[in-house]
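1. sequence first, then the predicted structure, then my questions.
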Amino acid sequence: MVVPVRFVSRLMLVLALVGVVPVLLLGGLSFRANRDELHRLVGGLQTQAATELARSCRQLVLTGVDNLRAATEYLPLEGLGPQETSEVLSIPLRQLGTLNLLVLVDAQGHAIAPAVFSPEGGGNRQPVTDDSRALFSRQVPVQDALSTGAAIGPPYRVPGTSVGRVALAVRTGETASRLLLAELSLAELGRQVAELSGEDGLAFIVDSRGALVVSAHGPGALSEEEQSLVAEGLSRREPVVRTVRSVDGLEYLAAFVSVPDLGWGAVVGRNASTAFAPAEHVRRSTFFWALMALAATGVLGFVLARGVSQPIARLSKGVAALAEGRYGERVPEEGRDELGLLARSFNHMAGELQRRDAELRRWSEELQQRVDERTRQLREAQDQIARTRRLAALGSLSAGIAHELNNPLTGILGLLALSRDEVPATSAVGQSLTMALEQARRMAGIIRELRQMAEQERAGAGRPLNPAQPVRAALHEVREELQSRGVTLSCKLSEQVPQVLGHADQLQKVVTNLLQNALTAMPSGGTLSVGLAAVEGDAVCLSVKDTGKGIPETMRERIFDPFFTTKDEPGRVGLGLSVAHRIVEAHHGCIRVESDAGQGTTITVILPAVGAEAHLA
């Protein structure tokens, strides 16, 4: 019996609707879903990269301010002539590789001494020219620094360059009318921006007005879409992700992130064709399978309705399951005719979609984990490098100061001791001499600690010893102060700890300094907990915990800096934790601080056991 043409046409129409249209619909939905997922995933990665760039920008500028403030604290800038001032300023200029220029000015912004700089630049420095000095003089925030103590000027770029600079100003004292000015180079950010740009990337940094500060593609301007992205990000003060077209006509998926504390913005993007390549592949695959389904429809239209309806129903069910995201369901592959081929093709397409979706999710999770881990490692390494550089620089300066002051102070101590022996102790002169002798001895102690800071690294490897011995010696040393302050001691020293390689007297000094800091933090009494135990990885862990007032988060990064102290007691010069940090580093260990304001402080020292090859820091 010949099948009527009308029925065949209707069957072909039904097959086309069931076989081709769902495939196109599914492909469109898959394409949109994949594009949206890629937009979220790649946009999140670009946001994370922009956040890291913003953090690097903030850290570079604020570190420059901290370094400049530290220079005003340890440099003898008062009472020097112009030439001597310039020679003194050349010391931090050589040590701080991100500074292009240093100059000391008065309250009106007039130079007290000639500026010191390197005309050729090099490394992280940029060349200093007449044009750059003129721009620097116009951007220096003199009045802001006089009123607040430190200020950061707006960034600027020398014409024809793609990397900007920033003028910094720090007051030399609380009531001083002098300012130490510096030009901070952003060349380090320029290298990061160039690395992020790569072959198919986009990266740049703008100031609070939306003007380019650092760019990897020369000093050109931004496109209208890039300016719109920057304007929206600066107004919202939160991350913004969108596709933009650059001045060269390429489309990018870009993310804007504000730079904390500075009001600037960082933009990082990736070429849109690369970012959405998997989605485009899904769309091409969809068109391919749609054509395959259409070709199969022409053949299946000539099959009897009874032999076609059931396979079509099963195929429709499979399409519905796939549209709902149930990739595990498959269409039965019966026979070797066109319907069987269509069923196999459909199952293959579903499997490919499931596999690619799983790969995208797995790649997303793995990449997120790697980025988080690298970010954490980079942050820890940067913090440790910055702290080590500060301590090394101040240690060298401390050694020189201690050497120069030790000889005259020894003579002063001798003369004061002889004078006190010749004058009655009960007289006013005798009491004054006694007080002067005590203060001179205190100065000698401070100088001795300064000299020890520079001598820690020359002490040698030491010898194997039981770490419990210096801990007990330090506890015995402060036992009277524990009783006088009403502090309760909780001591847990494990005897099953491996030996460490080092110097017992230096380790005792570390524990003593930590105990003294803990006692000072508890002037009205409290509980002092000391623990010593072995940890995994062939290491020894020492913990000192107090119930004092704690350390605010804003001060936690500076507690290892020499002469920095949060204690209110007189006579504290802020060298205890700095000396302890240098000793622990010399023993290839690390020291960590956990503290919350009002909740006490826990300081943990981890030292490698004898035979451990890797440093813990």
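-> In hand now; what should we look at? Residues are numbered from 1 along each chain as shown.

2. contacting residues for the residue nearest to Ala533 when sequence neighbours are not counted?
-> In space, and not counting its chain neighbours, Ala533 is closest to Ser494: 4.5 Å by C-beta to C-beta, 6 or more residues apart in numbering. Glycine gets a C-beta too; all of them are placed from N, C-alpha and C. Neighbour list for Ser494: 468, 532-534 [criterion: C-beta atoms under 8 Å, 6 or more residues apart in numbering].

3. how about these in CSV, adding pLDDT?
-> CSV is the format used below for these (pLDDT from 0 to 100):
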residue, pLDDT
Ala468, 87
Leu532, 90
Ala533, 90
Ala534, 87
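
4. of the residues you listed, which is the most crowded?
-> Leu532 (21 neighbours; other C-beta atoms under 10 Å).

5. that one is in contact with Arg472, isn't it?
-> No: using C-beta atoms under 8 Å, Leu532 makes no contact with Arg472, being 9.6 Å away.

6. between those two, which contacts overlap?
-> In terms of C-beta under 8 Å, 6+ apart, Leu532 and Arg472 are both contacted by the residues Leu493.

7. per-residue pLDDT, Ser9?
-> For Ser9, the pLDDT comes out at 63.

8. ah, wrong one, I meant Ala296
-> Looking at Ala296, its pLDDT reads 71.

9. can you list phi and psi of the residue nearest to Ala533 for me?
-> Dihedral angles phi and psi of Ser494 (degrees, to the nearest 10) take the values phi -70, psi 140.

10. residue contacts, the residue nearest the centre of the chain?
-> In the chain, the residue lying closest to the centroid (C-alpha atoms, centre = their mean) is Arg379, at 3.7 Å. Counting by C-beta under 8 Å, 6+ apart, Arg379 touches no other residue.

11. for it, helix, strand, or coil?
-> helix (DSSP: H, G, I helix; E, B strand; the rest coil).

12. among the contacts of Ser494, name the ones in helices.
-> If you go by DSSP state H, those have Ala468 in helices.

13. after the top strand by length along the chain, next one along is what?
-> Across the chain, the strand with the greatest residue count (assigned by DSSP state E) is strand 526-535. Counting by DSSP states H and E, the next helix or strand C-terminal to strand 526-535 is strand 539-546.

14. so what's the gap between that following strand and the chain middle?
-> Taking C-alpha atoms, centre = their mean, to the nearest Å, one finds the center of strand 539-546 at 26 Å from the center of the full chain.

15. partner strands of it, parallel or antiparallel?
-> Here strand 539-546 is paired, per DSSP bridges, with strand 526-535 (antiparallel), strand 601-608 (antiparallel).

16. what's the separation between Gly201 and Ala609?
-> 46 Å (C-beta to C-beta, to the nearest Å).

17. try Leu222
-> Applying C-beta to C-beta to Leu222 and Ala609 gives a distance of 56 Å.

18. out of the strands paired with strand 539-546, deepest packed?
-> Compared across the strands paired with strand 539-546, strand 601-608 shows the largest average neighbour count, a mean of 22 (mean count of other C-beta atoms under 10 Å).

19. can you list contacts of that strand?
-> 467, 500-502, 510, 514, 517-518, 521, 535, 538-546, 548, 550-551, 580, 584, 587-595, 614-616.

20. can you do 7 Å?
-> 467, 500, 510, 514, 521, 535, 538-546, 548, 550-551, 584, 587-595, 616 (C-beta atoms under 7 Å, 6 or more residues apart in numbering).

21. next, the distance between the ends of stretch 329-343.
-> One end of stretch 329-343 sits 12 Å from the other (C-alpha to C-alpha, to the nearest Å).

22. er, stretch 91-111 I mean
-> Its first and final residues considered, stretch 91-111 spans 18 Å by C-alpha to C-alpha.

23. any buried residues in that stretch, and which?
-> 91-93, 95-96, 98-105 (16 or more other C-beta atoms under 10 Å).

24. these into TSV, with extra columns for secondary structure?
-> Formatted as TSV, these follow (three-state DSSP):
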residue	secondary structure
Ile91	helix
Pro92	helix
Leu93	helix
Gln95	helix
Leu96	coil
Thr98	coil
Leu99	strand
Asn100	strand
Leu101	strand
Leu102	strand
Val103	strand
Leu104	strand
Val105	strand
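
25. closest one of those to Val61?
-> Thr98 (9.6 Å; C-beta to C-beta).

26. so what's the closest one up against?
-> Applying C-beta under 7 Å, 6+ apart, the residues contacting Thr98 are 60, 64, 124, 184-185, 188.

27. of all the residues you listed, the one with the weakest confidence?
-> Among the contacts of Thr98, pLDDT bottoms out at Asn124, giving 81.

28. so which elements touch the helix or strand where Trp289 lies?
-> Assigned by DSSP H and E, Trp289 belongs to helix 277-300. Under the contact criterion of 3 or more C-beta pairs under 7 Å, 6 or more residues apart in numbering; DSSP states H and E, helix 277-300 touches helix 5-15, helix 21-74, helix 338-422.

29. check those for me and report the most buried one.
-> Ranked by mean neighbours (mean count of other C-beta under 10 Å), the helices and strands packed on helix 277-300 are led by helix 21-74, with a mean of 19.

30. other residues contacting the longest strand of the chain?
-> Counting by C-beta under 7 Å, 6+ apart, 467-468, 471, 475, 487-494, 496-498, 518, 540-548, 606 sit against strand 526-535.

31. again with stretch 360-377
-> With C-beta under 7 Å, 6+ apart as the criterion, stretch 360-377 contacts 37, 41, 45, 48, 52, 278.

32. so who does the nearest residue to Thr51 once chain neighbours are set aside touch?
-> Leaving aside its sequence neighbours, Thr51 sits nearest to Val257 (C-beta to C-beta, 6+ apart; 4.9 Å). Going by C-beta under 7 Å, 6+ apart, Val257 touches 47, 50-51, 54, 239, 265-266.

33. could you look up the SS state of Val257?
-> strand.

34. what's the answer for Leu135, then?
-> At Leu135 the chain is in helix, as set by three-state DSSP.

35. residues contacting it?
-> Contacts of Leu135 (C-beta under 7 Å, 6+ apart): 156, 158.

36. make it 6 Å
-> Counting by C-beta atoms under 6 Å, 6 or more residues apart in numbering, Leu135 touches Tyr156.

37. distance of it from Ala468?
-> Distance of Leu135 to Ala468, computed by C-beta to C-beta: 61 Å.

38. returning to that earlier point: would you format the helices and strands packed on helix 277-300 as CSV with distance to Leu433 included?
-> Below are these laid out as CSV (distance: least, C-beta to C-beta, whole Å):
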stretch, distance to Leu433
helix 5-15, 113
helix 21-74, 31
helix 338-422, 4
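
39. compare those helices and say which comes out lowest on pLDDT.
-> Among the helices and strands packed on helix 277-300, helix 5-15 scores lowest, with a mean of 59.

40. leaving out chain neighbours, which residue sits closest to Pro159?
-> Here the residue nearest Pro159, using C-beta to C-beta, 6+ apart, is Asp131, at 7.0 Å.

41. now Glu553: closest residue in space that isn't a chain neighbour?
-> The shortest distance from Glu553 to any non-neighbouring residue, by C-beta to C-beta, 6+ apart, is to Ala597 (7.6 Å).
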